[in-house]
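Q: Predicted structure and sequence below. I'll ask about it afterward.
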Amino acid sequence: MNEHPPSSAAAVRGAGLRTLAVAVLMCAALCVRTVQPACNEDNAADSGNRVEMLMWLTDPCRYDRWTRPTPTDENGKTGGPTRVSARVYVYFLGSVEAQQLHFTAHILIRYRWQDDRLVHSSSKSSISGENKLKERVWMPHVYIVNEHDSNIMGSGRQDILVTVQPDGTVLYSARLKVSLLCMMNLQKFPFDEQTCPLILESWTYNNTHLELVWEHDSPAVLNSNLRMTEYNLVSIWTNETVSEYALIPASTNDNDNKNGDIPESENVHYYGKFAGNYSQLVVNFELEREVGHYIMDYYVPSIMLVVVSWVSFWLDPNAVPGRTTLGTSTMLTFITLSRNTGSSLPKVSYIKATEIWFIVCTAFIFGSLVEFAFVNTIWRRKKNVELKKVNSKHIFKSTLTPQMQRKSFSVDSGIDKDDIGQPMTSGKLSKRDKATINRSRNLLTVGNQDPVVCPDPEPLENFSIRVPTLNETKPSSGGGLFTLTPQEIAQWIDRRSRVAFPAAFLVFNCFYWLYVYI
């Protein structure tokens, strides 16, 4: 008796098992096909039950919800992109958070498109539903490009409504709460105007398969009672654009082709699915900031503080405690006032209008302190100043540059040697004005007669000099110079500052307000 080798027996058993497995799979497939009911061709659209009508229209045997509807032209030809019309109704615009660069809005958005696969009897009414109907029909995937956060509103259930009209028109409406990013330009803050967009774009299909358009009538509608706290809604407008995503090559790495499955000719580059042009819809909200708060809480108080700092020009140049206290207190108060203004703004690289105002006002207040230090220094000088002319140029030149000792015979009071032996000016002499020197036994009488110097043949011992009063400005006998005391110069500078500081601040305000409003 011949016996098969063990290897032949194992091969026979393996072939038998494979044959059995194939037979079982064929039987299972036949059973499933037998159990699955055939597509019901009865026109349930004539049924009065809208649920039955919906179930018949969206039965998977005749409707594929993953396939976009293909439009049909007037000649009956199919093809081209699916056209989706949109409309936005704005219920509410919330506060604009400048530091986070976004703002909130409550909107109702509605899309409309044509799906000929859902055409039913025109004698019947529209079919409406919520999530259940949404899950059975094709929906365009449109997302918000500048979305920071969003969710579908609703208490208990989401506020979604899908309507299928007898002619196959599908309407999808949803109420959303969105937080939108808005890139702001704060150069003119708080007199700035911002344009914040709401950008809708197709996610799945590019513009060769899906086209987004605005409704012809009222594409964006505002709530008539819409009010904002910090901004005014100046205008709203819409536009249609196309977003282009370039083809960016990406090389394969060694791990992708470690088995050598990819041919050498194909192992170079591959491209992303999202390359191409995508249809976009944009709603632009033009917002203008309310400036009343900033005018009353920042600009008016800062103007008053600058004006108060000028009061020191009317005080005595030697009033050190009063003028110092006034200058430092106004400076500290203004800095404290400015700290809260713009604290909620992001840190930007450019200078804002409020910062220009802060710098200039600080300069004016600090300038009043510097002016006080300058006039007080001059006030405490002891030497008189000789000027060719009494004007700003010569006064500042003489006070800021050191005086050289003159070779002519003079004393601190500005008396020349020509005055020696001359009669003294008539009038009552104070102890400070009387400057008669007696160094000999000669008798000098001061009475009703003018004093006379009595020189000796010997070197001059007794002489008298005439001292001018502080308020007297006289031309010097030497070269036609005018003599001013330090106190007179300090008062002269204060008088000029009373005009120069307000005039300069007024000119700055003219340019500043023209800048922020133009």
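A: Perfect, I can see it now. Quantities reported herein were computed from a predicted structural model and do not represent experimental measurements.
Q: so where is this protein shaky, pLDDT-wise?
A: Within the chain, the segments meeting pLDDT under 70 span 1-48, 76, 122-124, 247-274, 385-481.
Q: Kindly state the domain boundaries assigned to it.
A: Per the record, the chain has its domains at 75-250+268-289, 292-380+502-517, by automatic domain parsing.
Q: Those: which one's closest to Trp56?
A: Nearest to Trp56 among the domains of the chain is domain 75-250+268-289 (8.6 Å), distances taken as Cβ to Cβ. Placement of C-beta: from N, CA and C, glycine included.
Q: Endpoints of that closest one, how far apart?
A: End-to-end distance for domain 75-250+268-289: 54 Å, by Cα to Cα, to the nearest Å.
Q: picking that back up, is it possible to get JSON lines of the domains of the chain that adds distance to Ile489?
A: As requested, these are exported to JSON lines (distance: least, Cβ to Cβ, whole Å):
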{"stretch": "domain 75-250+268-289", "distance to Ile489": "43"}
{"stretch": "domain 292-380+502-517", "distance to Ile489": "5"}
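Q: Might one say that Leu181 is in contact with Leu101?
A: Yes. Judged on Cβ atoms under 8 Å, Leu181 makes contact with Leu101 at a distance of 6.0 Å.
Q: Just the helices from the protein, written as ranges.
A: 6-35, 50-57, 131-134, 292-294, 300-309, 320-339, 353-379, 392-400, 486-517 (DSSP state H).
Q: Next, the angle from the last one to helix 353-379.
A: Using axes from the mean of the first three to the mean of the last three Cα atoms, to 10 degrees, the inter-axis angle of helix 486-517 relative to helix 353-379 is 170 degrees.
Q: now for helix 486-517, which elements pack on it?
A: helix 353-379, helix 392-400 (3 or more Cβ pairs under 8 Å, 6 or more residues apart in numbering; DSSP states H and E).
Q: ranking the ones you listed by burial, who's on top?
A: helix 353-379 (a mean of 18; mean count of other Cβ atoms under 10 Å).
Q: just the angle between it and helix 320-339, please?
A: Counting by the same axes, to 10 degrees, helix 353-379 points 170 degrees away from the direction of helix 320-339.
Q: got the angle between helix 353-379 and helix 300-309?
A: 10 degrees.
Q: residues near Ser349, how many?
A: 4 (other Cβ atoms under 10 Å).
Q: And for Tyr278?
A: 21.
Q: Residues in a beta bridge with it, which ones?
A: Ser243 (DSSP bridges).
Q: Contact partners for Val162?
A: Residues in contact with Val162 (Cβ atoms under 8 Å, 6 or more residues apart in numbering) are Ser128, Gly129, Glu130, Leu133, Lys134, Val137, Val170, Leu171, Tyr172, Ser173.
Q: so what's the fifth one closest to, chain neighbours aside?
A: To tie it back to what came earlier, the one meant is Lys134. Ranked by Cβ to Cβ, 6 or more residues apart in numbering and with sequence neighbours excluded, the top spatial neighbour of Lys134 is Val162, at 5.0 Å.
Q: How much space separates the one you found from Trp113?
A: From Val162 across to Trp113, the span is 12 Å (Cβ to Cβ, to the nearest Å).
Q: Now list whatever residues contact both of those two.
A: Val170.
Q: can the helices and strands packed on helix 486-517 go into a markdown table with extra columns for distance to Ile295?
A: Listed next are the helices and strands packed on helix 486-517 as a markdown table, based on distance: least, Cβ to Cβ, whole Å:
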| stretch | distance to Ile295 |
| --- | --- |
| helix 353-379 | 12 |
| helix 392-400 | 36 |
